[in-house]
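Peer 1: This is a predicted model, with the sequence first.
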Amino acid sequence: MPAIDRSALLFLVFGVVSLWLGAFFGLLGAWQQVMPGLFDVIPFVKSRPLHVSLVISWIFMVAVGGVYHYLPLLVGRPMHSPRLVRVHLFLWMILGLAVLGSYMLGRFGGREYWEFPPALGGLIAVSWFLLVYNFFRTAMQGRGPWPAYLWMWATGVVFFLLTFLEAYSWLWPRDDANVVRDLTVQWKAYGALTGSWNMLVYGLALVVMERISGVTEYARSRTAFLLYALGFTNLLFGWAHHIYPVPSAPWLRYLAYGVSMTEWILLARMIRHWRHTLDGAQRHQHVLAAHFLYASEAWVFLNLGLALLISIPAINLFTHGTHITVAHAMGSTIGINTMILFAAIFHTVDRVHGDTGTRVQYVRLGFWLLNGGLVLFWLSLIGAGMIKGWYTLMSDLSFQDIMVMVRPFLMSFAAWGIVLFVGITLLAVHASWALLGPFLRSRPVPVDRSTEAYNR
Ligand code: HEM
């Protein structure tokens, strides 16, 4: 029976460190928006990409660490090559330092989300290839038909690599340069990248639900496969509803709007159904992981409302490029992805420690600060975006005058950012301490004893 892999736990720990650092630079950026000149050593042009790259890396580190951690337990065999997992971790460590260093030195050159020098992208592609190879060699050893989460992970790892390469296709200039094509390919690639990490994260959510409840039918149900199919359709076509100004084919826009975010409804439905099937003991034993999954369900509905509204072309005209887009991006990456990732982390902590570990009250406090703070943080961004969008289109006021009206909302956003940051700090400290515990106390990392229950 496979023991818990230490490298997989380190992926989770470095992911948490990335989140904390990313939130720190986000907070700095938020205050720089209302207090220009604040901490000029790292101005907004640096703090923003530092923030975005670090929080995206949190999503990838923990999603990939989750795959490395759970896959052997689900298949009932160790990873095909534990050494390649260590090489992957090592490459990402080097990459992380190189990206931080290049931003600090002001060396950019890439595009949105990957603003570091493009040469570093090569390292991401090589390390990701190791994951794809190791994933399939391991997953193929399992018996029986694959549950939906294995399909989600397989699709996520393959499509990340394909669309990551596509996102860098601008490096090969063509003679017939065409701005519309360039913009379309870029958005298409980014839409699919988001779709790929969603596949990894949704898969993780299904695994955590299965392992807490012991019910293997969820991930084999029709709803789970519908979730997979819709997630995959969104991965392929969802980008088209982001760029109405670009003249893409009408059928593509209708399809994109039609399927837009529909997978969220199914995800929430599955979590709700799962919640009702838990017994008191299961709820108690995995109280933290369960709470994070409930929170993601609530955030699905909040984000869905916003996303559907801003996808309507007439509304999109006002909201595009305002803080409402930032609210949409942060609302879903924090409210949905981050909540699921914390659920996976605290479920892993339960397994490593045999219970939720110590200092549960601090984690609960962190949970409420993160969620409560996020509601007001998110509403402040929406308020700022509404004022900016409306007055930009409907008045002759100058940009400066409009920004004066927007300022109170940005102040509120930055202030609630502090609450969010404190919540994230409490969660990050507890999670990394608990995950590092077995390493620091040189205690052997325990063997998973429940594999048989899940490997049917
Ligand atoms: C202390 C908490 C945080 C603060 C104060 C904060 C602040 C910010 C700021 C100031 C921006 C730039 C907005 C702009 O360009 O106008 C931003 C963008 C962004 N943040 Fe955060 N952030 C926080 C936490 C997070 C977390 C935890 C995540 C995800 C896990 C996240 C995801 C993003 C994303 C994806 C963007 C890019 C949005 C876009 O380009 O539309 N943030 N954040």
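Peer 2: Cool, the structure landed.

Peer 1: Let me know the next secondary structure element after whichever strand or helix holds Ala327.
Peer 2: Applying DSSP states H and E as the criterion places Ala327 in helix 323-332. Sequence order places helix 339-353 as the next helix or strand after helix 323-332, per DSSP H and E.

Peer 1: in whatever helix or strand comes next after that following helix, what counts as buried?
Peer 2: Downstream of helix 339-353, the next assigned helix or strand under DSSP H and E is helix 360-394. Within helix 360-394, the residues scored as buried using 16 or more other Cβ atoms under 10 Å are 363, 365-367, 369-371, 373-374, 376-389, 391. C-betas here are computed from N, CA, C, even on glycine.

Peer 1: ok, now stretch 115-134?
Peer 2: Buried residues in stretch 115-134, counting neighbours by 16+ other Cβ under 10 Å, are found at Glu115, Phe116, Leu120, Gly121, Ile124, Ser127, Trp128, Leu130, Leu131, Asn134.

Peer 1: wait, Ser213 sits on Ala281?
Peer 2: No - look at Ser213 against Ala281 with Cβ atoms under 8 Å: they stay out of range, at 11.1 Å.

Peer 1: just to revisit the earlier point, out of the buried residues of stretch 115-134, the closest to His286 would be?
Peer 2: His286 lies nearest to Leu131 out of the buried residues of stretch 115-134, by Cβ to Cβ, at 27.2 Å.

Peer 1: Quick check: which element contains the closest one?
Peer 2: In this structure, Leu131 sits in helix 119-139 according to DSSP H and E.

Peer 1: So for the helix or strand following that helix, mean pLDDT?
Peer 2: Using DSSP H and E, the helix or strand that follows helix 119-139 in sequence is helix 148-167. For helix 148-167, mean pLDDT rounds to 96.

Peer 1: chain center to helix 148-167: distance?
Peer 2: Taking Cα atoms, centre = their mean, to the nearest Å, the mean C-alpha location of helix 148-167 is offset from the chain mean by 14 Å.

Peer 1: Run the angle between that helix and helix 119-139 for me.
Peer 2: With axes from the mean of the first three to the mean of the last three Cα atoms, to 10 degrees as the basis, helix 148-167 and helix 119-139 are set at 160 degrees to each other.

Peer 1: Show me what helix 148-167 is packed against.
Peer 2: Applying 3 or more Cβ pairs under 8 Å, 6 or more residues apart in numbering; DSSP states H and E, we find helix 148-167 packed against helix 44-75, helix 119-139, helix 179-213, helix 222-237.

Peer 1: What mean pLDDT does the host helix or strand of Ala30 get?
Peer 2: Following DSSP H and E, one finds Ala30 within helix 6-34. Average pLDDT, helix 6-34: 97.

Peer 1: Same check on stretch 113-126?
Peer 2: Averaged over stretch 113-126, pLDDT sits at 92.

Peer 1: From the rest of the structure, what touches it?
Peer 2: For stretch 113-126, contacts defined as Cβ atoms under 8 Å, 6 or more residues apart in numbering pick out 49, 52-53, 56, 91, 94-95, 98-99, 102-103, 107-110, 161, 164-165, 167-168, 171, 190, 193.

Peer 1: Quick one: low-confidence residue ranges for the protein.
Peer 2: Within the chain, the segments meeting pLDDT under 70 span 1-4, 241-245, 354-358, 438, 440-456.

Peer 1: which bits of it sit near the ligand?
Peer 2: Within reach of the ligand by Cβ under 6 Å from any ligand atom, the chain has these residues: 23, 26-27, 29-30, 48, 51-52, 55, 58, 325-326, 329-330, 333-334, 338, 417, 420-421.

Peer 1: Select only the buried ones of the residues you listed in ChimeraX?
Peer 2: The ChimeraX selection below is limited to those of these classed as buried (16+ other Cβ under 10 Å):
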select :23,26,27,29,30,48,51,52,55,58,325,326,330,333,334,338,417,420,421
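
Peer 1: need the longest helix for the protein.
Peer 2: Counting by DSSP state H, the longest helix found in the chain is helix 399-440.

Peer 1: Check which helices and strands that one is in contact with.
Peer 2: Helix 399-440 makes packing contacts with helix 6-34, helix 323-332, helix 339-353, helix 360-394 when contacts are defined by 3+ Cβ pairs under 8 Å, 6+ apart.

Peer 1: same thing but 6 Å
Peer 2: Where contact means 3 or more Cβ pairs under 6 Å, 6 or more residues apart in numbering; DSSP states H and E, helix 399-440 is packed against helix 6-34, helix 360-394.

Peer 1: Any chance of JSON lines for these, columns distance to Arg269?
Peer 2: Output for the helices and strands packed on helix 399-440, formatted as JSON lines (distance: least, Cβ to Cβ, whole Å):
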{"stretch": "helix 6-34", "distance to Arg269": "28"}
{"stretch": "helix 360-394", "distance to Arg269": "21"}
